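Peer 1: Task: produce atomic coordinates for the following.
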Amino acid sequence: GRKAMANLDSILKNRDSTLPTKVQIVQAMVFPVAMYGCESWTIRKAERQRMEAFELWGWRRRLLRVPWTARRSNRSVLEEINPDCSLEGQILKMKLKYFGHLMRR
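Peer 2: Now for the predicted structure:
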């Protein structure tokens, strides 16, 4: 996840690209790397916190160019970038899809 974000740094810092385009790039290039094998994960509180931290600091705040010193709530950052595209939500969707596949077998 973090290495994939670091490789995209020059694209994401480009001021010519729009925010929705950058979000689509992250969803297409970073999420698959971060979610590899997520169907079999057991997500505990610690893992959930790490995912939330990656989601907020790894890409949402970076795309909005919010410095770490800025006193801005996580909720406001989540609301500015579509909250429907959360990493945790996509992992849950993948797990349910895999469970359905197993039940049909």
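Peer 1: If we go by neighbour counts, what in the helix-or-strand element of the chain with minimal mean pLDDT is buried?
Peer 2: In the chain, the helix or strand scored least confidently by mean pLDDT, DSSP states H and E is helix 2-7, which has a mean of 78. Using 16 or more other C-beta atoms under 10 Å as the test for burial, helix 2-7 gives 4, 5. C-beta here means a position set from N, CA and C on the backbone, and glycine is covered the same way.
Peer 1: just checking, what packs against it?
Peer 2: For helix 2-7, the packing partners by 3 or more C-beta pairs under 8 Å, 6 or more residues apart in numbering; DSSP states H and E come out as helix 31-34.
Peer 1: tell me the mean pLDDT for the following helix or strand past the helix it packs on?
Peer 2: Counting by DSSP states H and E, the element after helix 31-34 in chain order, helix or strand, is helix 45-53. Rounded to a whole number, the mean pLDDT of helix 45-53 is 91.
Peer 1: nearest residue to residue 1 other than its sequence neighbours?
Peer 2: In this structure, residue 1 finds its nearest non-sequential neighbour in residue 34, 3.6 Å apart by C-beta to C-beta, 6 or more residues apart in numbering.
Peer 1: can you dump the C-alpha coordinates of the least confident helix or strand of the chain into PDB?
Peer 2: As requested, the backbone C-alpha atoms of helix 2-7 are provided in PDB (Å, rounded to 0.1, in the frame of the first residue of the first chain):
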ATOM      1  CA  ARG A   2       2.500   2.600   1.100                       C
ATOM      2  CA  LYS A   3       5.100   1.700  -1.500                       C
ATOM      3  CA  ALA A   4       2.400   1.900  -4.200                       C
ATOM      4  CA  MET A   5       1.500   5.300  -3.000                       C
ATOM      5  CA  ALA A   6       5.100   6.400  -3.000                       C
ATOM      6  CA  ASN A   7       5.500   5.300  -6.600                       C
END
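Peer 1: Check which element follows it along the chain.
Peer 2: Next element after helix 2-7 (DSSP H and E): helix 9-12.
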